[in-house]
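K.L.:
Got a predicted structure here, sequence first:
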Amino acid sequence: MRRRKTEKTNPIKAWMQAATVQQQEMLAQFADTTRTYLYQLSSEARKPSASLAIKLERASIRVARICGKKNQATPG
């Protein structure tokens, strides 16, 4: 029997794929970062510092409130 390779879920990647450009830019602005850096986080090319992870969590709550959607961009 072959074992299936399980993939680790990356919440930032999932959110980036589902979010609009406007939502991505809003998240980046609220977290004091750039959309490019969010893509680097989503591809796991970089890891957020603890302070950025907190900023991303808080920013994602703001974006969710503004857009009227469930908070999906919590750091992993």
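P.N.:
Cool, the structure landed.
K.L.:
C-alpha only now, for contacts and for neighbours.
P.N.:
Fine.
K.L.:
Which residues does stretch 44-51 contact?
P.N.:
40-41 (CA atoms under 8 Å, 6 or more residues apart in numbering).
K.L.:
at 10 Å instead, please
P.N.:
Residues outside stretch 44-51 that contact it (CA atoms under 10 Å, 6 or more residues apart in numbering) are 10, 12-13, 31, 37-41, 53-57, 75-76.
K.L.:
Now do the buried residues in the longest helix anywhere in the chain.
P.N.:
The longest helix of the chain (DSSP state H) is helix 50-67. By neighbour count with 16 or more other CA atoms under 10 Å, helix 50-67 contains the buried residues 53, 55-64.
K.L.:
So for the spatially most central residue of the chain, what's the pLDDT?
P.N.:
Nearest to the mean C-alpha position of the chain, counting by CA atoms, centre = their mean, stands I12 at 2.9 Å. pLDDT recorded at I12 is 90.
K.L.:
helix or strand for it, which one?
P.N.:
If you go by DSSP states H and E, I12 is part of helix 11-18.
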